[in-house]
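# What follows is a predicted protein model with its sequence.
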There are 2 protein chains.
Amino acid sequence: MSEKLQKLNSLLAEIADVNNAMALLGWDQQTYMPKGGAEARGNQLATLSRIAHQKFIEPEIGALLADLEKEFAGAEPDGDVARLLEVTRHDYDRKIRVPADFVAEFALTASRAFEAWVKARAAADFALFRPHLEKVVELNRRYIGFFPPADHPYDILLDQYERGMKTAEVQAIFADLRPRQVELLKEIIARPQGDDSFLHVPFDEQQQWDFGVKVITAFGYDWDRGRQDRSTHPFTTNFSINDVRITTRFEANHPVASLFSTMHEAGHALYEQGSSQSFERTPLAGGASLAVHESQSRLWENLVGRSLPFWEHFYPEYRKRFPAALGQVDLRTFYRAINRVEPSLIRVNADEATYNLHVMLRLELEIGMIEGNIAVNDLPGIWNAKMEEYLGVTPPNDALGVLQDVHWSGGSLGYFATYTLGNLISAQLWEKIHRDIPDLDEQLRRGSFAALLAWLRENIHCHGRKFTPQELVLRVTGSKIDPAPYLRYLRGKYSDIYGLQSQ
Amino acid sequence: MSEKLQKLNSLLAEIADVNNAMALLGWDQQTYMPKGGAEARGNQLATLSRIAHQKFIEPEIGALLADLEKEFAGAEPDGDVARLLEVTRHDYDRKIRVPADFVAEFALTASRAFEAWVKARAAADFALFRPHLEKVVELNRRYIGFFPPADHPYDILLDQYERGMKTAEVQAIFADLRPRQVELLKEIIARPQGDDSFLHVPFDEQQQWDFGVKVITAFGYDWDRGRQDRSTHPFTTNFSINDVRITTRFEANHPVASLFSTMHEAGHALYEQGSSQSFERTPLAGGASLAVHESQSRLWENLVGRSLPFWEHFYPEYRKRFPAALGQVDLRTFYRAINRVEPSLIRVNADEATYNLHVMLRLELEIGMIEGNIAVNDLPGIWNAKMEEYLGVTPPNDALGVLQDVHWSGGSLGYFATYTLGNLISAQLWEKIHRDIPDLDEQLRRGSFAALLAWLRENIHCHGRKFTPQELVLRVTGSKIDPAPYLRYLRGKYSDIYGLQSQ
């Protein structure tokens, strides 16, 4: 190997180590840390983020990059080396603009904002979180200011999660999607609703945990390289390709939510566990983007986990575990219940027909905050008004409204759109997978996920961050991100469940 | 505050952050990390230890220290600033001699050695651990080579844990202690032994956990600033004065061991939680030394937790929790059983009359390895022979012999003597505490630990690392480390239990 490439790799490996240590600090913060540890944890995260940043922007990395770009100018453009240099260049050019002190301040702010959010959400009191969110927004605007003007200032934030994607591109996709999604929702709501009251009674928690573990073990989640814990807000994190952890939570009035959340996080985790081992400690480890990541979590949660073939296999056992609730409920009734469409308050529990509307609301609010048209102080009111407008429901308090999501408390703006993009990609992949594995439904009916996971490993997982999201989607499906397959999928599914007229 | 002092403090705070992050990585490694994470964890620990080391030996710190030593030359010698400079100077002068790459190699070696030890111990197969231990010994000898010759090469290792203490000093204390301890042991063994078979039957684990929690809560352990988890080898660690965690384990054939281990670790944790808050993120946080630390853990475990007054309060409840085992066992019989003296294989479960002999054996082996007189390959044989010689027992396998302790796998040599020194200090403190709190036994009989904890907080805990161990012991008790009080304590206790003749 080129000596310079070896040197660059060893510098990048150290940075990866620091970032992975930070991820563990974050995992602990959300799972086991006693409350007394919060202040110190903020300092630790700030210091490590400053160190990781300083190490990345050292002139040595810039010089090595420049030399290696010349040395490997003729390399196979889709090869690991060319792509490593491309991804590192992208990250370097972004980071070099941002002072290390800013990065540390950002981390400290986010850590404190997270603690405040936990309290604010528990108390359903936005005022406790407001000053922290104001600081987060201000820091995001200062961050944008480090970059030359983009087509839209929000582009700078979006690019952190979706390399190469523009706000206008997302807005165009959403503009295409939204009227058709709203029309579908109207058709569904006009139809008679089935009963799902049996899903809102207590389910034994240990049984829930055990069943979730059984399902994701069948999916292929590798417990030697991961574990599951509890947290307020479920998440996936990793400190290595070989240590990828998920969390879940239990909701007393909505027990199936925990199962779908477990499948969702396992989808993220399978992606990380499936990265090429050669990417360990390099910037190529991880997913292509958050949208591609979300395509994996939603694929396992919804296209697999809310499908009839899946439950044809698993429902007899599931019913047996919760006899009081489900003893009298047949498969078809259960299937309709877990796919019930009903405008509701909480994004993560939203059904597939309404979910994207939750996301669109958040995107508009974020763009408004970044443009300076929406003040943080006005957020709860605007949130509630938009919920009423888009979904016809109004949160009774801010815990069920503007305080429900963890993202802003972590400092993240520019993130939410990736959820909807992920939904769209998942359906594009699903159509392609069905072409490549014609008997997929039969396999799901047997509880067999090996061929599906192998397909994802080969076409998506192993590539890590090598390709931009649009490149990867185009490469695998033959087209860029496109709402049509997702709308076809929804219409097909709900036509069956709600007896809609075909279009 | 002096601008330079402020600068030094801010540099030291960042180093503390990195060290605290490393401590969390270590905690996770021993509690929750899936096995796939081990390789990456080793890299992360190596990188962070290199970073912490590099940051400490930066010339800026040396320059600031030199300037500040002049600036504060006339400061109150026992004041926080003078002591901060003294402790930082001690650490700096040690670290500056050691290359950062060595530190990283040491961390990586220790991390791999730990993984190998876990496997070797489970398999009772020393051969799996041998090459790792050889590397550990070699690295410790290389480490010693970075320093100018000391009176004894082992001094360099000992000073890491007992600032200012010499091997000869420890050997003199041990030489004074050993014959008297052996004589006491012989007298005890000659007496008839009571029954303790009821302590070697299964106890419900949840009841054990709950009772342990109740006891250490009564001691004053602050759960808002800590937590308890399970691990193979119980330990205490902290990432802040306000996040001090302990672990415990359950032993099927020896259920009370878990309780005493919980009290022991809580003793360490109370010390850390009691540090002056102004020492947070400074080198003054933490304990004076491992021996002083051990004096705290042993005080709570033995002088409190194995005392008759303690059990006069707690035994009725304890018996109620384990009715099958203890229903027919009265207080006095139970008290005799938990204080049964019997030469045995495992240090951490050894009674107070034999414990120090386990430690002396280890010290001799370590000194032999460092002097080059004992080869790692010969260790199991020598271990077993010395166990036979000192305690009259021979380990049936290496898991119950040379593989029982975690320390060497973590890279640590020079550590074991601190256990016995801690025992001695605990009894010195105990005599002084009884003089200062004449009704202490009465308080223990009421389950009241507030005055005891307040005394420890004021005399020991709050000082953090300000004083060397010998300084602190002298300051508090009026004499340096001295075996006499410990021997008086043992003779008093066992005269009562075993009916020895008074001396």
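Thanks, I have the structure now.
# where exactly do the strands run in chain A?
Assigned by DSSP state E, chain A shows strands spanning A:228-230, A:236-240, A:243-248.
# Highest mean neighbour count across those, which stretch is it?
strand A:243-248 (a mean of 26; mean count of other C-beta atoms under 10 Å in any protein chain shown). C-beta: built from backbone N, CA, C; applies to glycine.
# And that strand, how far out from the chain middle?
13 Å (C-alpha atoms, centre = their mean, to the nearest Å).
# Stretch A:407-425 too?
7 Å.
# Please spell out which residues along it are buried.
Judged by neighbour count (16 or more other C-beta atoms under 10 Å in any protein chain shown), stretch A:407-425 contains these buried residues: A:407-425.
# One more: stretch A:90-106?
Within stretch A:90-106, the residues that qualify as buried are A:H90, A:D91, A:Y92, A:R94, A:K95, A:V98, A:A100, A:F102, A:V103, A:A104, A:E105, A:F106, counting by 16+ other C-beta under 10 Å.
# mind listing what the fourth one touches?
Read that as A:R94. A:F147, A:D159, A:Q160 (C-beta atoms under 8 Å, 6 or more residues apart in numbering or on different chains).
# contacts for stretch A:110-121?
A:29, A:38, A:41-42, A:45-46, A:126-129, A:132-133, A:135-136, A:232, A:398-399, A:403-404, A:406, A:408-411.
# 6 Å - rerun?
Applying C-beta atoms under 6 Å, 6 or more residues apart in numbering or on different chains, the set of residues contacting stretch A:110-121 from outside is A:A38, A:G42, A:L45, A:L128, A:F129, A:H132, A:V136, A:A399, A:L403, A:S409, A:G410, A:G411.
# How many residues are close by A:K432?
Residues within reach of A:K432, counting by other C-beta atoms under 10 Å in any protein chain shown, total 18.
# Check the gap between A:F260 and B:P59 for me.
Applying C-beta to C-beta, to the nearest Å, the value for A:F260 to B:P59 is 56 Å.
# what about those two, which has more around it?
Ranked by neighbour count (other C-beta under 10 Å), A:F260 and B:P59 place A:F260 first, with 21 against 8.
# and A:P395, how many neighbours?
Neighbours of A:P395 using other C-beta under 10 Å come to 19.
# Let me fix that, I meant to ask about A:L500.
Close neighbours of A:L500, defined as other C-beta under 10 Å, add up to 17.
# swap in A:Q206?
With other C-beta under 10 Å as criterion, A:Q206 counts 9.
# Likewise for A:G478?
A:G478 has 9 neighbours, counted by other C-beta under 10 Å.
# Please enumerate residues in contact with stretch A:11-19?
The contact list for stretch A:11-19 (C-beta under 6 Å, 6+ apart) reads A:L48, A:I51, A:A52, A:K55, A:F56, A:I61, A:R281, A:T282, B:N43, B:Q44, B:T47.
# hang on, the earlier thing: for A:R475, state which of the contacts of A:R94 is nearest.
A:D159 (19.9 Å; C-beta to C-beta).
# how distant is stretch A:426-433 from the center of its chain?
Its chain's C-alpha centre and that of stretch A:426-433 lie 18 Å apart, by C-alpha atoms, centre = their mean.
# Once you drop chain neighbours, what's closest to A:E205?
Using C-beta to C-beta, 6 or more residues apart in numbering or on different chains and skipping the chain neighbours, the partner closest in space to A:E205 is A:F250 (5.3 Å).
# cool, and A:Q404?
Nearest non-adjacent residue to A:Q404, counting by C-beta to C-beta, 6+ apart: A:I346, 5.7 Å away.
# What's the local residue count around A:K320?
A:K320 has 12 neighbours, counted by other C-beta under 10 Å.
# Could I get the contacting residues of it?
So A:K320 contacts nothing (C-beta under 6 Å, 6+ apart).
# could you redo the last one with a cut-off of 10 Å?
Neighbour list for A:K320: A:Q207, A:F211, A:L326, A:G327 [criterion: C-beta atoms under 10 Å, 6 or more residues apart in numbering or on different chains].
# ok, back up a step: spatially, which two of the contacts of stretch A:11-19 are the most separated?
Top of the distance list for these (C-beta to C-beta): A:I61 and B:Q44, 19.7 Å.
# For the two, work out which one has more neighbours and name it.
A count of neighbours by other C-beta under 10 Å puts B:Q44 above the other of A:I61 and B:Q44, at 31 against 21.
# Flag every residue of the stretch 51-200 of chain A that's near chain B.
Within the stretch 51-200 of chain A, the residues that sit near chain B (C-beta under 10 Å from any C-beta of the partner chain) are A:I51, A:A52, A:K55, A:A104.
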